[in-house]
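Participant: only the shape, not the letters, is given here:
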């Protein structure tokens, strides 16, 4: 059974700080990784995708991938209260996504 | 608006009833999905269709039957509803092999 693991949190950070969200996955041959943000009562929204080892930056978001360690992370710089949500890590398995249980992020003013 | 739209948004019904959820996407995607998100927020694939053909069928009770009349629509029919079916059901779509875009979800509550 392929698995994606995340710490459920909550992860609490002050406004302006860097939030670091982590994810590990079990299938060594996985090639595609995604971060979704889900506000309470809303649908998951794709915010980042990463396919190669290293860092990928998009605005305040940086995704980091280390395939040797089977580890993917999401950094949110200058965290804002509006970033408070659950962040879901997803790994592509053939034509479907396997999701982690999500990490709840709370950014306090 | 371009989107993945689901109806109804909320569904409250008695145990044992049969109900359907409808999904439509106007993004031109070939592939559509049904996911279930339980009370612990765990999101799990149920079914996937590519160009009206079933390509993913996870371990789901056969009370659940998806139907895709065309590649823009994927409906989910549930027979003999049980308490454990209470969840949020998300429809999603994507080009084959690409990240998925989710609808707003249908919150199903079984009394």
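Facilitator: Yep, it's here. Computed from a prediction, not measured in an experiment: that's the story for all the values here.

Participant: residue A:20 touches residue A:72, doesn't it?
Facilitator: No. Assessed by CB atoms under 8 Å, residue A:20 is found out of contact with residue A:72, at 11.9 Å. Where you see a C-beta, it was placed from the backbone N, CA and C, and this is true even at glycine.

Participant: so those two - more neighbours on which side?
Facilitator: residue A:72 (27 against 15; other CB atoms under 10 Å in any protein chain shown).

Participant: helix or strand for that one, which one?
Facilitator: strand A:71-76 (DSSP states H and E).

Participant: what residues does chain A have near chain B?
Facilitator: Selection of chain A residues close to chain B by CB under 8 Å from any CB of the partner chain yields A:34, A:38, A:42-46, A:49, A:86, A:88, A:92, A:95-99, A:101-102.

Participant: just the buried ones from those residues?
Facilitator: A:34, A:38, A:43-44, A:46, A:49, A:86, A:88, A:92, A:95-99, A:101-102 (16 or more other CB atoms under 10 Å in any protein chain shown).

Participant: out of those, which are inside helices?
Facilitator: Cross-referencing these against helices under DSSP state H gives no overlap.

Participant: would you mind listing the two of those that lie farthest apart?
Facilitator: A:86 and A:95 (24.4 Å; CB to CB).

Participant: give me the low-pLDDT residue ranges for chain B?
Facilitator: Across chain B, the ranges flagged by pLDDT under 70 are B:1-2.

Participant: can you tell me the centre-most residue of it?
Facilitator: For chain B, the residue nearest the mean C-alpha position is residue B:34 (3.3 Å; CA atoms, centre = their mean).

Participant: what about the strands in chain B?
Facilitator: Per DSSP state E, chain B carries strands over the ranges B:4-7, B:10-13, B:19-25, B:31-37, B:43-50, B:53-57, B:64-70, B:73-78, B:87-94, B:101-102, B:106-110.

Participant: so which of those strands is the most surrounded?
Facilitator: The highest mean neighbour count among the strands of chain B, using mean count of other CB atoms under 10 Å in any protein chain shown, belongs to strand B:31-37: a mean of 25.

Participant: could you list the paired strands of that strand along with their orientation?
Facilitator: strand B:43-50 (antiparallel), strand B:87-94 (antiparallel) (DSSP bridges).

Participant: identify the residues contacting it?
Facilitator: With contact meaning CB atoms under 8 Å, 6 or more residues apart in numbering or on different chains, strand B:31-37 is reached by A:95-96, B:23, B:25, B:43-51, B:55-56, B:66, B:68, B:71, B:73-74, B:76, B:87-96, B:100, B:102, B:105.

Participant: so how far is that strand from its chain's centroid?
Facilitator: Mean C-alpha position of strand B:31-37 versus that of the full chain (CA atoms, centre = their mean, to the nearest Å) differs by 5 Å.

Participant: equivalent analysis for stretch A:1-11, please.
Facilitator: Distance of stretch A:1-11 from its chain centroid, counting by CA atoms, centre = their mean, is 10 Å.

Participant: buried sites along it?
Facilitator: A:4, A:6, A:11.

Participant: and residue B:56, how far is that from chain A?
Facilitator: Distance, residue B:56 to chain A, using CB to the nearest CB, to the nearest Å: 5 Å.
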